[in-house]
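Chemist: I would like the atomic coordinates for the input below:
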Amino acid sequence: MTINQTDSAFNFEDSLAELETLVQQMEQGDLTLEDSLAAFERGISLTRGCQSALAQAEQKVNVLMQDSQGKVVEQPFSKES
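Modeler: Numbering: from 1, shown residues only. Predicted coordinates:
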């Protein structure tokens, strides 16, 4: 099942891949100071976006796991579900 998203929607996987690329570039040490600062700034933005997406996903999971009285029901994780 796929979820339709607009082009402007945040894409967690793409952002994580870009963040990994930025880290690799910065670790190589070949960037100028200006480029390093821009990469760092972009990395912070990507990290915040990923954290926000994860928090939203956690909220959705909690809502889905609530029982009829609104209490969160803990269920063990099973790979065979």
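
Chemist: Checking the residue nearest to the spatial centre of the chain next. Helix, strand or coil?
Modeler: Centroid-nearest residue in the chain: C50, 2.6 Å away (criterion: C-alpha atoms, centre = their mean). When classified by DSSP: H, G, I helix; E, B strand; the rest coil, C50 comes out as helix.

Chemist: contacting residues for it?
Modeler: C50 makes contact with F12, S15, L16, L19, according to C-beta atoms under 8 Å, 6 or more residues apart in numbering. Every C-beta, even on glycine, is put in place using the N, C-alpha and C of the backbone.

Chemist: Which helix or strand contains the third one?
Modeler: Under the criterion DSSP states H and E, the helix or strand holding L16 is helix 12-28.

Chemist: got a list of contacts for that helix?
Modeler: With C-beta under 8 Å, 6+ apart as the test, helix 12-28 has contacts from L31, S36, A39, F40, R42, G43, L46, T47, G49, C50, A53, L54.

Chemist: so where's this protein uncertain?
Modeler: For the chain, applying pLDDT under 70 flags the ranges 1-8, 72, 74-81.

Chemist: Could I get the full set of helices for it?
Modeler: 12-28, 33-64 (DSSP state H).

Chemist: so how far is V61 from the residue of the chain most remote from its centre?
Modeler: Most distant from the centre of the chain: Q69, at 30.5 Å, with distances by C-alpha atoms, centre = their mean. Applying C-beta to C-beta, to the nearest Å, the value for Q69 to V61 is 18 Å.

Chemist: thinking again about what came up before, so which of the contacts of helix 12-28 wins on neighbours?
Modeler: Ranked by the number of neighbours (other C-beta atoms under 10 Å), those place L46 first, at 20 neighbours.

Chemist: Spit out the contact partners of it.
Modeler: S15, L16, E18, L19, L22.

Chemist: Swap in 6 Å and give it another go.
Modeler: L46 sits next to S15, E18, L19 when contact means C-beta atoms under 6 Å, 6 or more residues apart in numbering.

Chemist: how much space between it and V73?
Modeler: 34 Å.

Chemist: Over to S52?
Modeler: According to C-beta to C-beta, S52 stands 25 Å off from V73.

Chemist: same deal with T32?
Modeler: T32 is 53 Å from V73, where distance means C-beta to C-beta.
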